[in-house]
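> got a predicted structure plus its sequence, pasted below:
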Amino acid sequence: MKGTTVLSVALRKIRTDGGTQMREHLSEDAIAEYAEDVKALPPAVVYDDGESIWLADGFHRHAAFQRAGKSRMLCEVREGSLDDAILYAAGANADHGLRRTNADKRRAVEALLSRPEWAAKSDRWIAKAARVSDRFVNKMRVNCERSQLADTHDSPPPKPATRTGQDGKKRKAPKKPAKKKPLPVADDDEEHDGSPPSSGTLASVAYASCCDAVWDAIRQWPDGERLDALERVLVQLIGEVRKENEKRT
């Protein structure tokens, strides 16, 4: 196990720019409260790689010491790299400090998925590192892949053929069940404009009574929680309604 010791470290030597800050944002209330009595705060956790000292846990405390006009703070100094600091930071505050929000958890998982060597790990491995559920990681992985595809407007990045589990063994990455045919997307993937088909047809009745209501309901879901699968089905339904309506008119 790498060496660990508790030392007083100069604030100017502690680096906070390595991507180890897993909070969506720091709480001003917490910083102000901590700054009132910094001596009562527990040591922060930092990693020393021989050249830089990376803050892994204690960003509110670090800010509180700065606000209190202090030049040094007590730290638990561990030997390790920036990667070690990021891995530790991803799961920090899961059981101490300010309770993590879902945004904080997403930020932690995104930090791990952004690194190819960690993205190749299993959902369970990432979940354990970030102190979240396997299901949470799986959703984040899918969202990240969709985001990359949307940003590049290109084919999705190749998925790793294997993933490394918690036991260190490599296994084939799980494959999603193959679909008989991809769901068609109406209007070149454009969003539905809300205009119904021509009146007087069976399609228009179905459209008015069902499509708009379901579409509006889907759109009310927050970002990141929208039922993408249901939305795609609805887009398909709209396309079929329009085709049916064209045949009847």
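That came through fine. Numbering: from 1, shown residues only.

> from now on I want contacts and neighbour counts done on CA atoms only, so please keep to that.
OK.

> now do the strands in this protein.
4-10, 14-15, 44-48, 53-57, 72-79, 162-164, 170-172 (DSSP state E).

> what is the neighbour count of Val132?
Around Val132 there are 20 other residues, counting by other Cα atoms under 10 Å.

> what's the closest of the strands of the chain to Tyr88?
Closest to Tyr88 of these, according to Cα to Cα: strand 53-57, at 6.4 Å.

> where does the chain have low pLDDT?
1-2, 147-235, 239, 244-249 (pLDDT under 70).

> could you chop it up by domain?
As given by automatic domain parsing, the domain ranges for the chain are 1-98, 101-177, 186-248.

> still on that earlier bit, of all the strands of the chain, which one comes closest to Ala90?
strand 53-57 (8.7 Å).

> circling back to that earlier point, so which of the strands of the chain gets nearest Asn102?
Across those, closest to Asn102 is strand 53-57 (Cα to Cα), at 18.0 Å.

> quick check, Val45 in contact with Glu76.
Yes: contact criterion Cα atoms under 8 Å: Val45 and Glu76 qualify, at 4.8 Å.

> neighbour count: the two, which is higher?
More crowded of Val45 and Glu76, by other Cα under 10 Å: Val45, with 23 against 17.

> and the gap between that one and Ile238?
In this view, Val45 and Ile238 are 55 Å apart by Cα to Cα, to the nearest Å.

> how about Ala129?
Taken as Cα to Cα, the span from Ala129 to Ile238 is 43 Å.

> who has more neighbours out of these two?
Between Ala129 and Ile238, Ile238 has the larger neighbour count (other Cα under 10 Å), namely 23 against 19.

> what number of residues lie near the closest residue in space to Arg131 that isn't next to it in sequence?
In this structure, Arg131 finds its nearest non-sequential neighbour in Gly91, 5.1 Å apart by Cα to Cα, 6 or more residues apart in numbering. By other Cα under 10 Å, 22 other residues sit near Gly91.

> which ones are touching Gly91?
If a contact means Cα atoms under 8 Å, 6 or more residues apart in numbering, then Gly91 has 108, 128-131 as its contacts.

> for stretch 47-55, buried residues please.
Along stretch 47-55, these residues count as buried under the neighbour rule (16 or more other Cα atoms under 10 Å): 47-49, 53-55.

> CA atoms only: put it into CSV for me.
Extracted C-alpha coordinates of stretch 47-55, given in CSV (Å, rounded to 0.1, in the frame of the first residue of the first chain):
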residue,chain,number,x,y,z
TYR,A,47,-2.1,12.8,-3.8
ASP,A,48,1.6,13.5,-4.3
ASP,A,49,3.1,12.3,-7.5
GLY,A,50,6.5,13.7,-6.8
GLU,A,51,6.0,16.8,-8.9
SER,A,52,2.5,18.0,-8.0
ILE,A,53,0.1,17.7,-5.1
TRP,A,54,-3.5,17.0,-6.3
LEU,A,55,-6.5,17.7,-4.2
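
> what's that stretch in contact with?
13-16, 18, 20, 44-46, 56, 77-82, 84-85.

> just the buried ones from these, in PyMOL syntax?
The buried subset of the contacts of stretch 47-55, as determined by 16+ other Cα under 10 Å, is captured in PyMOL by this line:
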select buried, resi 14+15+20+44+45+46+56+77+78+79+80+81+82+84+85
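
> now Glu24. Nearest residue, chain neighbours left out?
Nearest non-adjacent residue to Glu24, counting by Cα to Cα, 6+ apart: Asp104, 5.2 Å away.

> residues in contact with the residue lying closest to Glu76 once chain neighbours are set aside?
Nearest residue to Glu76, sequence neighbours excluded (Cα to Cα, 6+ apart): Val6, at 4.3 Å. By Cα under 8 Å, 6+ apart, the residues touching Val6 are 43, 74-77.
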